[in-house]
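[1] Task: produce atomic coordinates for the following.
(one chain, ligands or ions: 3)
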Amino acid sequence: MNQPAADIRHDWTRDEVLGLFSLSFNDLLFRAQSAHRRHFPANEVQISTLLSIKTGACPEDCKYCPQSVRYDTGLEREALLDLDTVREAARAARDGGATRFCMGAAWRRPKGRDLDKVIEMVHAVREEGLETCLTLGMLDAEQARRLGEAGLDYYNHNLDSSPEYYREVITTRTYEDRLETLGHVREAGLKVCCGGIVGMGETRDDRAGLLVELANLPEHPQSVPINHLVRVAGTPLEDVAGLDPLEFVRTIAVARVMMPASVVRLSAGRTKMSDETQALCFLAGANSIFYGDRLLTTDNPAARRDRALLERLGLAPAPGAHAAAAPEASPVAGCGARSERSGCSA
Ligand code: SAM
Ligand code: DTB
Ligand code: SF4
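    Numbering: from 1, shown residues only. Ligands and ions are numbered 1, 2, ... in the order given. Prediction:
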């Protein structure tokens, strides 16, 4: 992605970022919306759909995650899906209006034969005219290189929180491990999708710390998912206090100001958000969502509710990079407008 130098910085300090968080809400949203319009069409939202290709029984201990083998969340484990199932799901996502298909596996890191199968999935999804994204856990340099060679577009690997709070949430892999994987992904020429989770009981200082780590990476991640914790019964974080929705909006706005040319995804946690909170998130510069009734193992807003929301807000789906390969691809029903300044015309 072309990153003009003027407002792309990699030298953020936590104090400076806390200063952004402390601005008056109006001033912060004005700055975020101005940054957004410098780099993106004002009224477009990138649409991704998720599929869990291998579910549950993960050896890691991430305290937020329903898929860790250490917590009894009642989740049924599933082996790696077969290729036809993935292809069908990708077609359905494309026909529903998604332009990117993100496949997630509950692994610490993929093993050799598993990666071969996942590479076949990447080819199949590309053939359906969709951009591809994978999240499989840690990768070594060779695995990242193979995925790049296979034509994968994005690799998702989150930093999740500030380095200090991360240690409270995950003990089985370090922040350094994550940074190392992100380095391999970048060096393999893949686009990086990297963000975090808020609403895990962290402080504002931790949220600022996460955003500093993301923005001070050698390149800004091309995609920055900001997840609100989905509290799942059986996980250690099931009873953590929820985050003030306006603080969530501030987090999105600060991410937009710090990484103005990155796509910021309003990611997990939308089922519990009002339409008004989501509208403020879009105003704060969020320009991507997960679309479809499921995330990986938890619910996402119903597709019909999202169509209605985009339409009410005059937002249109952003065109996908591989759209030409998919003659049958259709925009999100009822939201076909793609002009810069106008919204959905349906
Ligand atoms: N196992 C791989 C890994 O952790 O890198 C890939 C799958 S993992 C489920 C992908 C991301 O989902 C995690 O990094 C985390 O940010 C997010 N996630 C997991 N559980 C979540 C929850 N309950 N609420 C919000 N985000 C969650
Ligand atoms: C990301 O940052 N959020 C997505 C995606 N990357 C893989 C995952 C959200 C998972 C929410 C919990 C679940 O559905 O299991
Ligand atoms: Fe495993 Fe990923 Fe869940 Fe952590 S977030 S327990 S690594 S599936």
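[2] What is the three-state secondary structure of the residue nearest in space to the middle of the chain?
    With distances taken as C-alpha atoms, centre = their mean, Pro225 lies nearest the centre of the chain, 3.1 Å away. Classification of Pro225 using DSSP: H, G, I helix; E, B strand; the rest coil returns strand.
[3] Contact partners for it?
    Shown in contact with Pro225 (C-beta atoms under 8 Å, 6 or more residues apart in numbering): 156, 158, 193-196, 265, 267-268, 288. C-beta coordinates here come from the backbone N, C-alpha and C atoms, glycine included.
[4] any idea how far it is from ligand 2?
    To ligand 2, Pro225 is 3 Å away according to C-beta to the nearest ligand atom, to the nearest Å.
[5] Tell me what that residue is bridged to.
    Note on Pro225: beta-bridge partners Arg265, judged by DSSP bridges.
[6] What of Gln46?
    Ser288.
[7] That one - how many residues pack around it?
    Number of residues near Gln46 (other C-beta atoms under 10 Å) recorded here: 22.
[8] any idea how far it is from Ile170?
    28 Å (C-beta to C-beta, to the nearest Å).
[9] What of Glu120?
    30 Å.
[10] What of Glu149?
    For Glu149, the distance to Ile170 (C-beta to C-beta) stands at 30 Å.
[11] So between these two, which is more surrounded?
    Remark: of Glu149 and Ile170, Ile170 carries more neighbours, 21 against 11, as counted by other C-beta under 10 Å.
[12] where does the closest residue to that one other than its chain neighbours land on pLDDT?
    Setting aside the residues directly before and after it, Ile170 is nearest to Cys62 in space (C-beta to C-beta, 6 or more residues apart in numbering), at 4.9 Å. In this model, Cys62 is scored at 97, pLDDT.
[13] where are the low-confidence patches of the stretch 201-346 of the chain?
    Where the stretch 201-346 of the chain drops to pLDDT under 70, the residues are 323-346.
[14] let's see it at 50
    325-331, 333-346 (pLDDT under 50).
[15] which bits of this protein sit near ligand 2?
    50, 66, 102, 104, 135, 156, 158, 195, 225, 227, 230, 267-268, 295-298 (C-beta under 6 Å from any ligand atom).
[16] Which residue ranges of the stretch 151-300 of the chain form helices?
    According to DSSP state H, counting those that start in this stretch, the stretch 151-300 of the chain carries its helices in the segments 163-169, 175-187, 204-215, 245-258, 275-283.
[17] nearest to ligand 1, of the ones you listed?
    helix 175-187 (8.2 Å; C-beta to the nearest ligand atom).
[18] Ligand 1 contacts on this structure?
    Near ligand 1, when you scan the chain using C-beta under 6 Å from any ligand atom, you find 58, 64-65, 67, 104, 106-107, 135, 137, 157-158, 160, 197, 227, 229-230, 232, 268, 296.
[19] Asp239: neighbour count?
    Neighbour tally, Asp239, other C-beta under 10 Å: 9.
[20] Quick check: it touching Val232?
    No. Using C-beta atoms under 8 Å, Asp239 is not in contact with Val232, being 11.0 Å away.
[21] residues touching the residue nearest to Asp177 when sequence neighbours are not counted, list them.
    The spatially closest residue to Asp177, leaving aside those adjacent along the chain, is Met138, at 6.0 Å (C-beta to C-beta, 6+ apart). By C-beta under 8 Å, 6+ apart, the residues touching Met138 are 108-109, 157, 173, 177-178, 180-181.
[22] From ligand 3, how far out is Met138?
    9 Å.
[23] can you confirm that residue is in a helix?
    No. Going by three-state DSSP, the assignment for Met138 is coil, not a helix.
[24] Brilliant, that's me finished.
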